[in-house]
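Colleague: Just a sequence and a predicted model for now, questions to come.
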Amino acid sequence: MSHYVAPPPARRADYASLGQIMGWMVLLGLAFWPRLFILGLWIFDRTLRDAFDSWIIAAVGFFVLPWTTLAYGFMWGVSSDVVSGWEWIVVAVAFATDILCWVFSRRALRG
């Protein structure tokens, strides 16, 4: 008496498309570059150290809102050691960039 054993189901190839790969590359670039500049400015310039009252705020900004941290530090050093007027527009655009990076990364991780 012979028993029929069904072959295992065919595995679907789980390959990333070119669009997904490019999306990840853009997302990684958006996450990498501001952090590199923050480190460079922290080591070689006093702008970020002077812009923030505490290194803790800059460290949290490094991990959570790098574009906002970088834009605030840059705008703080542009004029009179304070962020005012149109400079807040630049900081707001950087904040929107940080939020969009978080949203797109969560969507990308979901698949």
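Modeller: Ah, there it is.

Colleague: can you point me to the longest helix in this structure?
Modeller: Longest helix in the chain, counting residues (DSSP state H): helix 18-44.

Colleague: So which elements touch the helix or strand that comes right after that helix?
Modeller: Next along the chain after helix 18-44, taking DSSP states H and E as the criterion, comes helix 47-51. For helix 47-51, the elements it packs on are helix 18-44, helix 55-64, helix 66-78, judged by 3 or more C-beta pairs under 8 Å, 6 or more residues apart in numbering; DSSP states H and E. C-beta coordinates here come from the backbone N, C-alpha and C atoms, glycine included.

Colleague: for the ones you listed, which one sits closest to residue 105?
Modeller: Checking the helices and strands packed on helix 47-51 against residue 105 by C-beta to C-beta gives helix 18-44 as the closest, at 5.8 Å.

Colleague: Any buried residues in that closest one, and which?
Modeller: 23, 27, 30, 34, 37, 38, 41, 42 (16 or more other C-beta atoms under 10 Å).

Colleague: Identify, from those residues, the entry nearest to residue 89.
Modeller: Residue 89 lies nearest to residue 34 out of the buried residues of helix 18-44, by C-beta to C-beta, at 17.8 Å.

Colleague: show me what contacts the spatially most central residue of the chain?
Modeller: In the chain, the residue lying closest to the centroid (C-alpha atoms, centre = their mean) is residue 31, at 3.1 Å. For residue 31, the contacting residues are 66, 101, 105, by C-beta atoms under 8 Å, 6 or more residues apart in numbering.

Colleague: Rounded mean pLDDT for the longest helix of the chain, please.
Modeller: Helix 18-44 carries an average pLDDT of 89.

Colleague: And stretch 83-98, by the same measure?
Modeller: Mean per-residue pLDDT for stretch 83-98: 94.
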